[in-house]
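**Student:** fold the following, please.
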Amino acid sequence: MKRREFITLLGGAAAWPLVARAQQGAMPAIGFLDPRSPNGMADRLRAFRQGLKDTGYVEGDNVAIEYRWAEGQYDRLPALAAELVRRQVAVMVAAPGAPSALAAKSATATIPIVFTIGDDPVKLGLVSSLARPGGNLTGVNYFGAEVVSKRLELLRELVPRIGRLAVLVNPSNAAISETTVREVEAAARGMGVQVQVFNAGTSREIDDAFANLVRERSDAVFVSGDAFFTTSRRVQLATLAARYMIPSSFSQREVTEVGGLMSYAANIRDTYRQAGVYAGRILKGAKPVDLPVVQSSKFELVINAQTARMLGLTVPDKLLALADEVIE
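**Tutor:** Model (predicted):
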């Protein structure tokens, strides 16, 4: 090989990393803002990536995802959202709940935002209406607040002796906490059930709350649909409920899968898939104003029969027929 040809070939080879970096730099990025840690998120992230794939995007192939995890510290969300704005992501996904969505909204009025939220996004000021969101936000409403009374009804079916109900909420998430307490108290009045509210925003406070609710002779515990509870502390919550032999109701199946008694909620994996679809559509040029807020239509009741037996409970045939899954 001639020296000139060799130098040309060498120069071409050396240029490849530069080309790759240029291509990578041109790859659109999605900012993923979440108040939890990545632990326990595998199924939800898989569903989110499936939604992206349905619209033609594959992480690491033609789209990058910048993850920002608040590790249960809600006060970090505004700074993390600001980081994603500085990163100039093409779209931001704020999941789940009001704290992430509100932090993202405060951080940018131009970058499209896809939220997943269990409360009314119109009431929270995130969108103008469900059909025509307006502004730069749209997303999925999975009706966390609206199913509170149904959750209590199902818990009462399984545990008829409830006289005192402990409600566990995270004070760091005021929106879902206030809605949960209001809805539980309204439903409990019609059942003649006394409600006791316990606050917990850290692992230590969860331990203290369970010790206190047992001391107060609560007959069951109703855990709010806060992301910190349902993902980050799910094992701790299920373990404490088992240790104190207290029936428990959760908003997500992940807690029931690790030993919680029962859960009833929208299919959260489908929620994440839909968020991925919307993020992909926005990357293709759709505007949030033209994407109506999706309202979850898939709900699932999951009962842990092994936990029920441990608590001395018999699952009624009615609930067995209603359940989407019974864990043996």
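**Student:** what ranges do the strands span in the stretch 101-250 of the chain?
**Tutor:** 113-117, 137-141, 164-169, 194-199, 220-223, 248-250 (DSSP state E, counting those that start in this stretch).
**Student:** got the phi and psi for the one residue sitting closest to the centre of the chain?
**Tutor:** The chain has Pro96 as the residue nearest its centroid, 3.8 Å off, counting by Cα atoms, centre = their mean. Main-chain torsions, Pro96, degrees, to the nearest 10: phi -100, psi 160.
**Student:** looking at the residue nearest to it when sequence neighbours are not counted now. What's its pLDDT?
**Tutor:** Spatially, and ignoring its direct neighbours in sequence, Pro96 is nearest to Thr116 (4.5 Å; Cβ to Cβ, 6 or more residues apart in numbering). Glycine gets a C-beta too; all of them are placed from N, C-alpha and C. Reading off the confidence values, Thr116 has pLDDT 96.
**Student:** and the chain, what are its domain boundaries?
**Tutor:** Residue ranges for the domains of the chain, per automatic domain parsing: 3-143+268-299, 148-265+300-327.
**Student:** between those domains, which gets the lowest average pLDDT?
**Tutor:** Taking the mean pLDDT of the domains of the chain, domain 3-143+268-299 comes last: a mean of 87.
**Student:** now that one, how far from the centre of its chain.
**Tutor:** Centroid separation for domain 3-143+268-299 versus its chain: 14 Å, with Cα atoms, centre = their mean, to the nearest Å.
**Student:** for Thr239, which of the strands of the stretch 101-250 of the chain is the nearest?
**Tutor:** strand 248-250 (10.8 Å; Cβ to Cβ).
**Student:** just the buried positions in the helix or strand just after that closest one, please.
**Tutor:** Going down the chain from strand 248-250, the next helix or strand is helix 253-257, by DSSP states H and E. Within helix 253-257, the residues that count as buried by 16 or more other Cβ atoms under 10 Å are Arg253, Glu254, Val255, Thr256, Glu257.
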